[in-house]
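Undergrad: Only the shape, not the letters, is given here:
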């Protein structure tokens, strides 16, 4: 969610009035960026910590996890409808995250509002790589394309029950759930993607209207690192950041102990972010922290260990430091593989296979083999020079024109 605060702030600075519509726990991020805010009545952390959410960890494959998350999201989609419609009624245009899918398209159509997609992952089917949400290696050109279409259909099923009542409520004729999204694909509905083409080049088989802009950086304002963290970082050699962001894990205590053993075996200090996983560490060589801006912290780290979510992956690349990705589910395996392919991470270490020995070995390579740091710094310079907001601003200014 954080990248949208930077995108929204950029649009607001250009004179647009921007409302961020998302879950209530993200309101402080919107307020800090100077954006209006409309909360949705679903708490993603509570859902992930529920029995249904914990069940995601029992699926060992990307397909299994996708099946479970589709079932979970289907049960939640209808609860967001009233607030989405209410927020849209006060808007002149809708910028839709991929997670809203056909529901967002339907609301835009019913209210006769111009709209476009602002996606953080390359979700449109392509022959060049498999769907990021499956977190698997290539199935070949045809297999990748077919799998991409299959995932698109699965996403539409999330909203199969929610879309028809919204169409009726907004005076739209009845339609098959899949018709709206496919028609927009055929008509060239615009989708802008907030990641760097240096990380994922625009697929050659994408239709016109699917574009890659560069990253949208979270708005961090004039914040500073907490004094305790500042003192810890400055008290010795650069430490390693470890955090899993908004991911939850089955056994936080065991995982935290494995991470500490790995850092100490590698001779490294650690900054451990508690996050939704609830990680903890103690000792003079370890510091547990809560949320801090990655843009301030990561450049001062020797390496970053993270779940390879889209936003955290971007923050590590921007900082120009090596990574050890620990993907858990969904698109995290895709971004982790990109880090390895770019030569800024020695390996992918899925959470299911994480041990202290394996993590220590990866950390030694990331921090002591100079190639990883050199490639990360060079890539960071190039990524920091990109401007991902201006293409969106230009597209917004043309909406409805």
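TA: That came in fine, so what should we check first? It should be emphasised that the depicted structure is a prediction, and the values quoted were computed from it without experimental measurement. Numbers count the residues shown, from 1 in each chain.

Undergrad: mind checking the SS state of residue 83?
TA: Counting by DSSP: H, G, I helix; E, B strand; the rest coil, the backbone at residue 83 sits in helix.

Undergrad: How about it, nearest residue that isn't a chain neighbour?
TA: Nearest residue to residue 83, sequence neighbours excluded (CB to CB, 6 or more residues apart in numbering): residue 40, at 5.3 Å. Every residue, glycine included, has its C-beta placed from N, CA and C.

Undergrad: can you check residue 97 too?
TA: residue 118 (6.3 Å).

Undergrad: Could you pull up the residues touching residue 103?
TA: 77, 80, 81, 84, 159, 162, 163, 166 (CB atoms under 8 Å, 6 or more residues apart in numbering).

Undergrad: so which helix or strand takes in it?
TA: helix 101-110 (DSSP states H and E).

Undergrad: what comes up buried for that helix?
TA: 101, 102, 103, 104, 105, 106, 107, 108, 109, 110 (16 or more other CB atoms under 10 Å).

Undergrad: Name the nearest of these relative to residue 362.
TA: residue 101 (35.8 Å; CB to CB).

Undergrad: and residue 228, how many neighbours does it have?
TA: 10 (other CB atoms under 10 Å).

Undergrad: cool, residue 121 as well?
TA: The burial count for residue 121: 19, using other CB under 10 Å.

Undergrad: Low-confidence stretches in this protein?
TA: 43-78, 176-187, 400-401 (pLDDT under 70).

Undergrad: mind listing what the spatially most central residue of it touches?
TA: The chain has residue 310 as the residue nearest its centroid, 3.5 Å off, counting by CA atoms, centre = their mean. Counting by CB under 8 Å, 6+ apart, residue 310 makes contact with 3, 120, 121, 195, 331, 335.

Undergrad: how near is the nearest residue to residue 92 once chain neighbours are set aside to residue 228?
TA: Excluding its sequence neighbours, the residue lying closest to residue 92 (CB to CB, 6+ apart) is residue 113, at 7.1 Å. Distance of residue 113 to residue 228, given as CB to CB, to the nearest Å: 47 Å.

Undergrad: again, but for residue 257
TA: 23 Å.

Undergrad: and if you look at residue 364?
TA: Taken as CB to CB, the span from residue 364 to residue 228 is 28 Å.

Undergrad: before we move on, what about residue 393?
TA: Counting by CB to CB, the gap from residue 393 to residue 228 is 38 Å.

Undergrad: repeat for residue 339
TA: Between residue 339 and residue 228 the computed distance is 30 Å (CB to CB).

Undergrad: following the host helix or strand of residue 259, which helix or strand shows up next?
TA: Here residue 259, judged by DSSP H and E, is contained in helix 252-265. Per DSSP H and E, the first helix or strand lying C-terminal to helix 252-265 is strand 270-273.

Undergrad: What lies in contact with the helix or strand following that next one?
TA: The first helix or strand that comes after strand 270-273 along the chain, using DSSP H and E, is strand 286-289. With CB under 8 Å, 6+ apart as the test, strand 286-289 has contacts from 226, 228-229, 232, 239, 260, 263, 269-274, 279-282.

Undergrad: make it 7 Å
TA: Under the contact criterion CB atoms under 7 Å, 6 or more residues apart in numbering, strand 286-289 has outside partners 229, 232, 260, 270, 271, 272, 273, 274, 280, 281.

Undergrad: Dump these to CSV, plus neighbour count and distance to residue 144.
TA: Formatted as CSV, the contacts of strand 286-289 follow (neighbours: other CB atoms under 10 Å; distance: CB to CB, whole Å):
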residue, neighbour count, distance to residue 144
229, 18, 42
232, 20, 45
260, 21, 39
270, 25, 38
271, 24, 38
272, 24, 37
273, 23, 34
274, 17, 37
280, 16, 40
281, 19, 40
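
Undergrad: show me where the stretch 301-401 of the chain has helices.
TA: 310-319, 332-341, 356-368, 370-384, 389-398 (DSSP state H, counting those that start in this stretch).

Undergrad: tell me the most buried of the ones you listed?
TA: helix 310-319 (a mean of 25; mean count of other CB atoms under 10 Å).

Undergrad: This structure - how does it break down into domains?
TA: For the chain, the structural domains run 41-215+386-398, 227-384, going by automatic domain parsing.

Undergrad: among those, which is nearest residue 29?
TA: domain 227-384 (9.4 Å).

Undergrad: now the end-to-end length of the closest one.
TA: Terminal residues of domain 227-384 are spaced 27 Å apart (CA to CA, to the nearest Å).

Undergrad: From residue 114, how far off is residue 324?
TA: Taking CB to CB, one finds residue 324 at 43 Å from residue 114.

Undergrad: Please say which of the two ends up with more neighbours.
TA: Legend: neighbour count by other CB under 10 Å for residue 324 and residue 114, higher for residue 324 (30 against 16).

Undergrad: Would you confirm that the more buried one contacts residue 350?
TA: No: assessed by CB atoms under 7 Å, residue 324 is found out of contact with residue 350, at 11.5 Å.

Undergrad: distance between the helix holding residue 103 and the chain's centre?
TA: Counting by CA atoms, centre = their mean, to the nearest Å, helix 101-110 is centred 22 Å from the centre of its parent chain.

Undergrad: Quick check: next helix or strand after that helix?
TA: strand 115-119.

Undergrad: neighbouring contacts of that following strand?
TA: 7, 93-98, 108, 189-194, 392, 395, 399.

Undergrad: what does stretch 337-355 give?
TA: Contacts for stretch 337-355 (CB under 7 Å, 6+ apart): 199-200, 249, 258, 308, 313, 322-328, 336, 358-359, 362, 365-366, 371-372, 375-376, 379.

Undergrad: what's the span of that stretch, first residue to last?
TA: End to end - CA to CA - stretch 337-355 spans 19 Å.

Undergrad: Neighbours of the residue nearest to residue 97, how many?
TA: 24.

Undergrad: give me the beta-bridge partners of it?
TA: residue 192 (DSSP bridges).

Undergrad: can you pull out the helices in the stretch 101-250 of the chain?
TA: Under DSSP H, counting those that start in this stretch, the stretch 101-250 of the chain gives helices at 101-110, 140-158, 163-169, 177-187, 227-234.
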